[in-house]
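Asks: Give the three-dimensional model of this entry:
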Amino acid sequence: MSIIEALQFDFFQHALAAGLLASILCGVIGSLVVVNRLVFLAGGVAHAAYGGVGLAVILGLPILPVTSCFAVFAAMIMAMVTLKVRERADTVIGVIWAAGMAFGVVLLDLAPGYNVDLMSYLFGSIMAVATGDLWLMGILSAAVPLVVLVFYRGLSAMSFDEDFARARGVPVNALYYLLIGMVALCVVTLIRVAGLILVIAMLTIPPFIAERRARSLGRMMIASTLLGAMFCLAGLWLAFRFDLTSGAAIIAVSSVTFFLSLAIPQRSEN
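Replies: All right, here's what the predicted structure looks like:
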């Protein structure tokens with residue numbers, strides 16, 4: 001069955017829309033994550049966010065607001081540590097990563113009548129995305145690029161030469177906290193739809209490939225967004241055609257392209 005035929009189904013249309021919106025978010029934020037070497041921190045936020053899920057369930061509160069607040073709080077701690085104690089940053093992030101995940105699992109185990117579906121959390125259910133989730137992703141996909149555009153010069157300066165940016169009066173610390181906060185919000189929103197592993201893959205693989213060819217941060221964001229959209233489209237079609245797990249199929253396409261890209265010479269700096 002071709003992609004055109006698959007688009008006749010509502011669930012495939014919703015999944016494709018979710019993939020395209022996720023590509024925008026991950027293309028913009030992922031480029032900043034890769035350039036600033038924050039992949040480990042982004043992974044830590046993604047895992048720690050699970051603690052918010054458990055907290056929301058055990059307290060009987062809406063999952064998204066509680067998880068968002070929990071993830072942002074954990075992200076701010078990580079940001080503070082990476083700014084003040086860089087030599088111990090990886091250790092502290094690793095502890096928060098593990099503690100948040102364990103905290104969430106324990107709370108979910110204690111929640112009466114709640115069964116943890118770890119596979120759903122890891123790989124998501126993009127083929128079953130709800131209309132409400134699409135609206136939320138759409139709002140975030142418009143807001144995040146707008147914020148990045150407003151602070152683009154400062155974020156670009158901070159990303160490529162932090163010392164020079166500080167010397168020029170750029171509020172590096174404030175922009176760093178802003179970036180980490182946006183990472184946390186994007187991760188929490190996308191995990192509901194795409195799953196933990198797919199979010200991390202989309203935050204890292206397309207930006208890395210784009211970085212090898214792009215000549216500016218802006219072009220890297222655009223290229224990363226386009227690559228993410230291509231990976232999502234190809235992965236969704238493979239999942240639909242061969243009855244595969246959609247998140248895993250998208251990751252497989254991304255990973256194959258990643259390794260193929262390593263064989264292509266990196267752009268010259270001249």
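Asks: If you count contacts, what does the strand or helix carrying residue 97 end up packed against?
Replies: Using DSSP states H and E, residue 97 sits in helix 89-110. For helix 89-110, the elements it packs on are helix 39-59, helix 63-84, judged by 3 or more C-beta pairs under 8 Å, 6 or more residues apart in numbering; DSSP states H and E. From N, CA and C alone the C-beta is placed, and that goes for glycine too.
Asks: Make JSON lines from these and add mean pLDDT and distance to residue 229 to it.
Replies: Formatted as JSON lines, the helices and strands packed on helix 89-110 follow (pLDDT from 0 to 100; distance: least, C-beta to C-beta, whole Å):
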{"stretch": "helix 39-59", "mean pLDDT": "87", "distance to residue 229": "20"}
{"stretch": "helix 63-84", "mean pLDDT": "89", "distance to residue 229": "25"}
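Asks: Can you tell me which of the ones you listed is packed in deepest?
Replies: helix 39-59 (a mean of 23; mean count of other C-beta atoms under 10 Å).
Asks: just the angle between that helix and helix 89-110, please?
Replies: Our comparison of helix 39-59 with helix 89-110, counting by axes from the mean of the first three to the mean of the last three C-alpha atoms, to 10 degrees, yields an angle of 20 degrees.
Asks: tell me the angle helix 39-59 makes with helix 63-84.
Replies: Going by the same axes, to 10 degrees, helix 39-59 makes 140 degrees with helix 63-84.
Asks: name the helices or strands packed onto helix 39-59?
Replies: Judged by 3+ C-beta pairs under 8 Å, 6+ apart, the packing partners of helix 39-59 are helix 10-35, helix 63-84, helix 89-110, helix 172-194, helix 196-211.
Asks: Including distance to residue 154, could those helices go into a markdown table?
Replies: Converted to a markdown table, these look like this (distance: least, C-beta to C-beta, whole Å):
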| stretch | distance to residue 154 |
| --- | --- |
| helix 10-35 | 12 |
| helix 63-84 | 16 |
| helix 89-110 | 22 |
| helix 172-194 | 5 |
| helix 196-211 | 19 |
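Asks: Next, format the helices and strands packed on helix 89-110 as JSON lines and append distance to residue 188.
Replies: Below are those laid out as JSON lines (distance: least, C-beta to C-beta, whole Å):
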{"stretch": "helix 39-59", "distance to residue 188": "5"}
{"stretch": "helix 63-84", "distance to residue 188": "5"}
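Asks: Indicate which one of those helices is closest to residue 221.
Replies: Nearest of those to residue 221, taken as C-beta to C-beta: helix 39-59 at 15.7 Å.
Asks: Deepest-packed of the helices and strands packed on helix 39-59, please.
Replies: Buried most deeply of the helices and strands packed on helix 39-59, by mean count of other C-beta under 10 Å, is helix 196-211, with a mean of 25.
Asks: Next secondary structure after it?
Replies: On the C-terminal side of helix 196-211, the nearest following helix or strand under DSSP H and E is helix 217-242.
Asks: Hey, what's the angle from the helix or strand just after that following helix to helix 217-242? Just curious.
Replies: Next helix or strand after helix 217-242 toward the C-terminus (DSSP H and E): helix 246-262. Computed by the same axes, to 10 degrees, the angle separating helix 246-262 from helix 217-242 equals 130 degrees.
Asks: Remind me what helix 246-262 packs against, helices and strands.
Replies: helix 118-123, helix 196-211, helix 217-242.
Asks: do that again at 7 Å, thanks
Replies: Counting contacts by 3 or more C-beta pairs under 7 Å, 6 or more residues apart in numbering; DSSP states H and E, helix 246-262 packs against helix 196-211, helix 217-242.
Asks: buried ones in the last one?
Replies: By neighbour count, with 16 or more other C-beta atoms under 10 Å as the criterion, the buried positions of helix 217-242 are 217, 220-225, 227-229, 231-240.
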